[in-house]
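Asker: Fold the following.
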Amino acid sequence: MCFGAPSTLDIAIEIVHDTTGIEKAHVTTGIENYRLGQQIGSGSFATVFAAEKLESTELLAIKMISKAEASRNDKGHCVCPFTEVNYLRSLRHPHVIQLFDFLETSESYYLVMERAVGKCLFDRVSELGGIPPREARRIFQQLISAVDHCHTRGIVHRDLKLDNILLDSEKNVKLADFGSSGRIRGNELMQTWCGSPEYVAPEIILHEAYQGPLVDVWSCGVVLYTMLCGKYPWGKGEAQETFRRIKQGDYAELGFMVPQPVKELISLILVVQPSDRITIGEIEHHSWFQQDLPEYLQTLSTTAKTASALSIVATERLTDASLQQVDRDDYSTYEVSALVPSFDAAQTKGCAAYEVPHIQPGGRSRRIRNQPCGRRSQFRHQQ
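Answerer: Numbers count the residues shown, from 1 in each chain. As a prediction, this is how the structure comes out:
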């Protein structure tokens, strides 16, 4: 890959540990650590560039977020990158894009991430006019495993769509763009209106408080349908007509080329009433999903279920005293990563799920307990 002259991203990051054990980013400017290449993506206030780290051949992607644009476009949605950084730091899965570094200048934030050198799933579907069922199942299996991992870590994506599902050189899934994601807080419902029109769940269109995991399930169903058919379930009309059909669950009939088992699965996913909608765990046990399921995904699924079933606080590192200290202090940007046992370490101790403090940008910590991804419980409204 050919890159031009060094860009304005001539900055590096230095991790400083203060006396509270909080990891904070101290930005040092003028150090030429990265070089930007061509633009490979953009959004309302962010631009993604191909990049490389100097003296390295590693392929990277750098998401540049303009502080000025983010401030102007903030309409109640999550535009502060600290939240996205917190989420990405807590995720480690072969089909979730990996965050390597987080940088900041006076004008912009930079997220240094793994680069998926293939195209996004939208481009592949567009090229083929629909993906054969066998390949679609492989992609869907990887997507569901990634989403299950997010839910196990207490994170809902809330903007699952073909554009945010990247493919690597071997056409394996890399789930990206956690800018609209939210944290599952115990039994609380979510209320933020977010997502993309063709993929959004009925309860969001109706402005109802909703269970985040079931919103992701709906979007996964739209992804599966669109992969197979090369078109959205609701056609491509005006937004109001699309919303009307979504609220009624009125999707176009699947053609005869789509196998009956996957038709059945889609009919269980695209259910308007959230309480009747299939869950991630139930998708993973569906007969069509189970066909040709790679062993490594079976292992990841078992790990996720173990994490969801347990509710153990690693008291040797995460004590009541440390949590009380976190509650007294107001850390505006960074989570208390030093106090939280790693997922791998917790697994070694038989503690695959744990209760952790999460620092809200500009706010105080809350205790977040991982929830079983398929659990249907009585939820309280989020304050």
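
Asker: Every contact and neighbour count from this point should use C-alpha atoms.
Answerer: Fine.

Asker: Give me the neighbour count for residue 90.
Answerer: 17 (other Cα atoms under 10 Å).

Asker: Can you give me the neighbour number for the residue nearest to it when sequence neighbours are not counted?
Answerer: Of all residues not flanking residue 90 in the chain, residue 153 sits nearest, at 7.3 Å (Cα to Cα, 6 or more residues apart in numbering). A count of nearby residues for residue 153, using other Cα under 10 Å, gives 27.

Asker: With residue 56 instead?
Answerer: Neighbour tally, residue 56, other Cα under 10 Å: 9.

Asker: Repeat that for residue 238.
Answerer: Neighbour tally, residue 238, other Cα under 10 Å: 8.

Asker: and if you look at residue 249?
Answerer: The burial count for residue 249: 18, using other Cα under 10 Å.

Asker: For residue 155, list each beta-bridge partner.
Answerer: Counting by DSSP bridges, residue 155 is bridged to residue 183.

Asker: Report how many residues lie close to it.
Answerer: Residue 155: 25 surrounding residues under other Cα under 10 Å.

Asker: How much space separates it from residue 109?
Answerer: For residue 155, the distance to residue 109 (Cα to Cα, to the nearest Å) stands at 22 Å.

Asker: now the helices for the stretch 201-350 of the chain?
Answerer: Taking DSSP state H, counting those that start in this stretch as the test, the helices found in the stretch 201-350 of the chain are 202-205, 212-229, 239-248, 260-269, 280-284, 287-290, 295-309, 320-328, 343-348.

Asker: So which of these is the most surrounded?
Answerer: Highest mean neighbour count among those (mean count of other Cα atoms under 10 Å): helix 212-229, with a mean of 25.

Asker: as a whole number, average confidence for that one?
Answerer: The average pLDDT within helix 212-229 is 97.

Asker: Next: stretch 62-76.
Answerer: 73.

Asker: now the chain, which segments are flagged as low pLDDT?
Answerer: Under the criterion pLDDT under 70, the flagged ranges of the chain are 1-32, 72-80, 302-383.

Asker: element containing residue 61, please.
Answerer: Per DSSP states H and E, residue 61 falls inside strand 59-66.

Asker: in that strand, what counts as buried?
Answerer: Across strand 59-66, burial judged by 16 or more other Cα atoms under 10 Å covers 60-66.

Asker: now do stretch 105-117
Answerer: Per 16+ other Cα under 10 Å, stretch 105-117 contains these buried residues: 105, 108-117.

Asker: what does stretch 185-202 give?
Answerer: Neighbour counts over stretch 185-202 (16+ other Cα under 10 Å) mark 185, 187-195, 198-202 as buried.

Asker: tell me the two of these that are most distant?
Answerer: Spanning the widest gap among the buried residues of stretch 185-202 are 187 and 198, at 27.6 Å by Cα to Cα.

Asker: Per the annotation, how does this structure divide into domains?
Answerer: Here the domain parsing of the chain from automatic domain parsing is 11-114, 121-305, 308-373.

Asker: sorry, back to before: return the subset of the buried residues of stretch 185-202 lying in helices.
Answerer: residue 202 (DSSP state H).

Asker: The longest helix seen in the chain packs against which elements?
Answerer: For the chain, the helix that runs over the most residues, judged by DSSP H, is helix 133-152. Counting contacts by 3 or more Cα pairs under 8 Å, 6 or more residues apart in numbering; DSSP states H and E, helix 133-152 is packed against strand 173-175, helix 212-229, helix 280-284, helix 295-309.

Asker: burial of residue 235, as a residue count?
Answerer: 13.

Asker: wait, I meant residue 119
Answerer: So residue 119, with other Cα under 10 Å, has 16 neighbours.

Asker: ok, now which ones touch it?
Answerer: By Cα atoms under 8 Å, 6 or more residues apart in numbering, the residues touching residue 119 are 166-168.

Asker: Any of these buried? List them.
Answerer: Those of the contacts of residue 119 that meet the buried threshold are 166-167, by 16+ other Cα under 10 Å.

Asker: which among the buried residues of stretch 105-117 gets closest to residue 262?
Answerer: Distances from residue 262 to these, taken by Cα to Cα, are shortest for residue 116, at 27.8 Å.

Asker: what sits against residue 159?
Answerer: 178, 180-181, 194-196, 199-200, 216, 219.

Asker: would TSV of those with distance to residue 162 be doable?
Answerer: Output for the contacts of residue 159, formatted as TSV (distance: Cα to Cα, whole Å):
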residue	distance to residue 162
178	14
180	15
181	16
194	16
195	12
196	11
199	9
200	13
216	13
219	10
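
Asker: Toward the C-terminus from the strand holding residue 61, list the very next helix or strand.
Answerer: Per DSSP H and E, the first helix or strand lying C-terminal to strand 59-66 is helix 67-73.

Asker: Residue 300 touches residue 147, doesn't it?
Answerer: No: if you go by Cα atoms under 8 Å, residue 300 and residue 147 don't touch, sitting 11.5 Å apart.

Asker: I'd like to know which elements the helix or strand harbouring residue 37 is packed against.
Answerer: Per DSSP H and E, residue 37 falls inside strand 34-42. With contacts taken as 3+ Cα pairs under 8 Å, 6+ apart, strand 34-42 sits against strand 46-53.
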